[in-house]
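*Asks:* kindly return the folded structure for what I paste below:
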Amino acid sequence: MIDKRVASLEAAVSGIVDGATIMIGGFAAAGSPVELIHALIDQGSTNLIIVNNNTGSGHIGMAALIENDRVKKIITSYPRTANSVVFPEYYKDGKIELEIVPQGTLAERIRAGGAGIPAFYTPTAVGTPLGEGKEVRSFDGKEYILEYGITADFALIKCKTSDRYGNLLFDKTGRNFGPIMAMAAKTTCAQTSEMVELGEIDPEHVVTPGIFVNRVVTVPKPVHESVYIEQGRVYP
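*Replies:* Below is the predicted model:
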């Protein structure tokens with residue numbers, strides 16, 4: 001019997017070792033799997049390489065993972081946002097490595113990794129510091145740079161609805177990077193607000209099929225990152 005459900009957040013992040021590469025879903029607060037990130041902090045793995053749209057806000061979620069000295073390097077599009085208070089100091093002090101990737105390129109690198117495409121050419125970043133040292137090739141008189149697909153050991157994502165097979169539905173913009181990260185990781189761990197019985201999800205509506213999901217944990221009332229930031233919360 002196929003059953004991707006796990007009993008706890010602790011079980012969902014088990015087996016993540018030091019030095020692992022982890023994709024974390026979310027576009028700022030939208031779709032950020034805060035509970036899974038906090039469980040990862042509690043789990044204790046360090047020297048992690050994180051692939052995420054941003055570096056977190058305030059002192060919770062992604063920012064807390066950095067502040068608790070778990071992250072060696074981050075691959076991101078937005079290293080600093082309005083409420084970034086942790087990453088700028090860590091980077092300034094040389095405590096974390098940074099690779100900036102334009103957001104569209106980041107999404108395509110993840111999608112390519114999940115599709116088994118090792119590399120692709122894009123005009124984005126040609127002639128800029130982000131293109132320095134990368135292979136350049138001309139197509140029809142226009143220059144393109146070579147970018148490599150990204151894969152990961154684990155992906156931590158957040159969805160709205162799941163069944164025990166791991167079929168996922170997302171909440172509007174909370175979908176963002178979740179589906180492609182699920183495809184690009186060896187082990188995908190999803191937190192869901194709602195667990196339904198088999199057959200309750202219309203197959204035509206499934207966004208991420210269960211074949212790309214390994215573990216699902218139910219978090220009935222997930223926190224919203226922006227609320228915790230407004231309250232000045234710190235984790236742990």
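*Asks:* in this structure, which ranges drop under the pLDDT threshold?
*Replies:* When residues are selected by pLDDT under 70, none of them lie in the chain.
*Asks:* now do the helices in it.
*Replies:* Listed from the start of the chain, the chain has helices (DSSP state H) covering 9-12, 34-43, 61-67, 87-92, 103-115, 178-184, 225-230.
*Asks:* need these in CSV with mean neighbour count and distance to Val196, can you?
*Replies:* No exception for glycine: its C-beta is placed from N, CA and C like everyone else's. Formatted as CSV, the helices of the chain follow (neighbours: other Cβ atoms under 10 Å; distance: least, Cβ to Cβ, whole Å):
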stretch, mean neighbour count, distance to Val196
helix 9-12, 19, 18
helix 34-43, 22, 19
helix 61-67, 25, 26
helix 87-92, 16, 37
helix 103-115, 19, 25
helix 178-184, 25, 18
helix 225-230, 17, 25
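*Asks:* dump the ones you listed to CSV, plus distance to Gly166.
*Replies:* Formatted as CSV, those follow (distance: least, Cβ to Cβ, whole Å):
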stretch, distance to Gly166
helix 9-12, 12
helix 34-43, 15
helix 61-67, 23
helix 87-92, 32
helix 103-115, 16
helix 178-184, 9
helix 225-230, 24
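*Asks:* can you get me a residue count around Asn53?
*Replies:* Taking other Cβ atoms under 10 Å as the neighbour definition, Asn53 ends up with a count of 23.
*Asks:* what distance do you get for it to Ala182?
*Replies:* Computed with Cβ to Cβ, to the nearest Å, the distance linking Asn53 and Ala182 is 15 Å.
*Asks:* what does Gly141 give?
*Replies:* With the distance defined as Cβ to Cβ, Gly141 ends up 38 Å from Ala182.
*Asks:* same check on Pro88?
*Replies:* Looking at Pro88 against Ala182, where the rule is Cβ to Cβ, the gap reads 30 Å.
*Asks:* next one: Phe212
*Replies:* With distances defined as Cβ to Cβ, the gap from Phe212 to Ala182 amounts to 4 Å.
*Asks:* bridging residues for the nearest residue to Asn53 once chain neighbours are set aside?
*Replies:* By the measure of Cβ to Cβ, 6 or more residues apart in numbering, the closest residue to Asn53 outside its immediate chain neighbours is Phe27, 5.3 Å from it. The partner list for Phe27 in beta bridges (DSSP bridges) reads Ala30.
*Asks:* Phe27: neighbour count?
*Replies:* Applying the criterion other Cβ under 10 Å, we find 19 residues in the vicinity of Phe27.
*Asks:* these two touch, right, it and Thr173?
*Replies:* Yes. The pair Phe27 and Thr173 qualifies as a contact (Cβ atoms under 8 Å) at a distance of 6.6 Å.
*Asks:* can you pull out the strands in this structure?
*Replies:* Using DSSP state E, the strands found in the chain span residues 21-24, 48-51, 71-76, 97-100, 119-122, 136-139, 142-148, 152-162, 168-169, 185-195, 215-218.
*Asks:* can you add distance to Pro203 and mean neighbour count and give those strands back as a markdown table?
*Replies:* Supplementary listing: the strands of the chain in a markdown table, determined by distance: least, Cβ to Cβ, whole Å; neighbours: other Cβ atoms under 10 Å:
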| stretch | distance to Pro203 | mean neighbour count |
| --- | --- | --- |
| strand 21-24 | 26 | 26 |
| strand 48-51 | 30 | 24 |
| strand 71-76 | 34 | 20 |
| strand 97-100 | 38 | 13 |
| strand 119-122 | 31 | 14 |
| strand 136-139 | 39 | 10 |
| strand 142-148 | 34 | 16 |
| strand 152-162 | 13 | 25 |
| strand 168-169 | 11 | 24 |
| strand 185-195 | 17 | 22 |
| strand 215-218 | 17 | 22 |
